[in-house]
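In: here is my input; please provide its structure:
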Amino acid sequence: MKILLVTDAWHPQVNGVVRTLDKTVTQLRERGHIVDVIAPSDGYFTLPLPTYPDIRLAPFAYKDVKRRMLKFAPDAIHIATEGPLGQMAKFLCHKWAMPFTTSYHTKFPEYIKARFPFIPLSWSYRFVRGFHNAGGRTMVTTPSMVEFLNQRGFTNLAPWARGVDTDLFNPDKKNAPDNVYAGLPRPIWVNVGRVAVEKNIKAFLDLNLPGTKVIVGEGPQLAELRQSYSGVIFAGAKFETDLARYFADADVFVFPSKTDTFGLVIIEAMASGLPVAAYPVSGPIDIIPASHAGIIDEDLKKACLKALELRPSDAVTHAKNYSWEAVTDVFFDLLTPQYKPRKSWRRVRRMTRLAASPYHGLKKLARRSLQILRGRRR
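Out: Down below sits the predicted model:
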């Protein structure tokens, strides 16, 4: 299939959404599908997202998005985000009656509320609900999120989980060649991810725990937290093997977020042999219960101390249930909504394919040459 992915979240951004989309695209290409990605980093003029300058948006790319969609003539379109590029693609899909799917990666209304408390949640949910309900299917991270969004008026929801790269995240990275936390008081409590207000990191840092707290990542709240919590280790952003070692050498992974819909870092921690402590919210409640790989509790300190008693081997065993191969199977099965496109999109695709054919180009050249000859004879 020719599959078009339109996303406002892509490299060089570093977050779970980008890792998920990148892995899915890689898997699809390895299976022989032709995948094109439209993203802000494709040379478009971009502006920083308010309150989050690391995220760049492309609000003026409409003409090029239209050109690329027509030229590619995809068999399926997946719009991953609700940003400017996603809105443009949705508009064009409606214009051409092209079926498309979307995915709901984060609790976007809660993110807005955390940054702009004066904006009612109902306004933000009305916006994202209208965006996603316009498509043929919305892929949601967990069954609990399907229920959560159903209650808020979302339709055509289907669960699509996340995967983990066990070649990268595994216990073999522990003490290889040494411990990255050498010299720090144990136990090591680590959090990995974007350092932003919606991640609720303060709830973790305010806990009275023995040992050392470590934050791995960057984000708009980093400077504020560094100034307020002098006893915490802020390691900055880590990637690939370095990141895997920061997981494997710790004792417990603490996940204080209440706005994530899944929490990819949870299964990356488990794959590394790291038990997880979290609140009982969407994401953790779908991954952790009955796994022996973590503890969920409204009392996050209690969850941390209980997680410290769990066996790392159980965390590794549970993480093996989340392979990218299985996750991509689900994505592909959900990619084409169960309805046929109306005639208008079929006509658009037929015209674009004809326009791109060598025969069509020769025909245009012959017609132009004939016009020139006729002009000379006159």
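
In: span of stretch 223-234 from start to end?
Out: Terminal residues of stretch 223-234 are spaced 10 Å apart (C-alpha to C-alpha, to the nearest Å).

In: so, low pLDDT: which residues of this protein?
Out: Low-confidence segments of the chain (pLDDT under 70): 337-370, 372-378.

In: can you do 90?
Out: Low-confidence segments of the chain, defined by pLDDT under 90: 14-16, 49-55, 97-98, 106-108, 110-116, 326, 336-378.

In: show me where it has strands.
Out: Ranges of strands within the chain are 2-6, 34-38, 47-49, 52-57, 76-79, 100-104, 137-140, 157-159, 188-192, 212-216, 233-236, 252-255, 276-278, 294-296, based on DSSP state E.

In: give me the sheet partners of the last one and which way each runs.
Out: Pointing back at strand 294-296 there. strand 276-278 (parallel) (DSSP bridges).

In: what does the strand it pairs with contact?
Out: For strand 276-278, contacts defined as C-beta atoms under 8 Å, 6 or more residues apart in numbering pick out 252-256, 263, 266, 269-270, 284, 288, 293-297, 300, 303-304, 306-307, 315. C-beta coordinates here come from the backbone N, C-alpha and C atoms, glycine included.

In: Ser144 is in contact with Asp286, correct?
Out: Yes. Taking C-beta atoms under 8 Å as the definition, Asp286 is a contact partner of Ser144 at 5.2 Å.

In: walk me through the domains of the chain.
Out: For the chain, the structural domains run 2-163+327-341, 171-321, going by automatic domain parsing.

In: gap between the longest one and the chain center?
Out: Between the mean C-alpha location of domain 2-163+327-341 and the chain-wide mean there is a distance of 9 Å, by C-alpha atoms, centre = their mean, to the nearest Å.

In: next, count neighbours for Pro12.
Out: With neighbours defined by other C-beta atoms under 10 Å, the count for Pro12 comes to 9.

In: who's in contact with it?
Out: Applying C-beta under 8 Å, 6+ apart, we find Pro12 in contact with Ser41.

In: separation between Thr24 and His78?
Out: Per C-beta to C-beta, to the nearest Å, Thr24 is found 9 Å from His78.

In: please apply the same query to Leu70.
Out: According to C-beta to C-beta, Leu70 and His78 sit 17 Å apart.

In: next, the distance between the ends of stretch 309-323.
Out: End-to-end distance of stretch 309-323: 26 Å, with C-alpha to C-alpha as the criterion.

In: what's in contact with stretch 147-164?
Out: 16, 20, 23, 103-104, 125, 129, 132-133, 135-143, 145-146, 262, 264, 267-268, 270-271, 282, 319, 322-328, 330-331, 334, 337.

In: can we see that at 6 Å?
Out: With contact meaning C-beta atoms under 6 Å, 6 or more residues apart in numbering, stretch 147-164 is reached by 20, 125, 129, 132-133, 137-140, 143, 146, 262, 264, 267-268, 271, 282, 319, 322-324, 327, 330-331, 334.

In: from the residues you listed, which land in helices?
Out: Those of these mapping onto helices are 20, 125, 129, 132-133, 143, 146, 264, 267-268, 271, 319, 324, 327, 330-331, 334, per DSSP state H.

In: weed out the non-buried ones from these.
Out: Among the ones in helices among the contacts of stretch 147-164, those classed as buried by 16 or more other C-beta atoms under 10 Å are 20, 125, 129, 132, 146, 264, 267-268, 271, 319, 324, 327, 330-331, 334.

In: among those, which one lies nearest to Ala97?
Out: Taking C-beta to C-beta as the measure, Ala97 lies nearest His132 of those, at 18.1 Å.

In: number of nearby residues for the residue lying closest to Phe131 once chain neighbours are set aside?
Out: Closest residue in space to Phe131, ignoring its immediate chain neighbours: Glu82 at 4.9 Å, by C-beta to C-beta, 6 or more residues apart in numbering. Glu82 has 21 neighbours, counted by other C-beta under 10 Å.

In: for Glu82, give its distance to Phe239.
Out: Using C-beta to C-beta, we find Glu82 at a distance of 27 Å from Phe239.

In: got the contact list for the closest residue to Pro40 other than its chain neighbours?
Out: The shortest distance from Pro40 to any non-neighbouring residue, by C-beta to C-beta, 6+ apart, is to Ala58 (4.2 Å). Ala58 makes contact with Pro40, Tyr44, Thr46, Pro84, Leu85, according to C-beta under 6 Å, 6+ apart.
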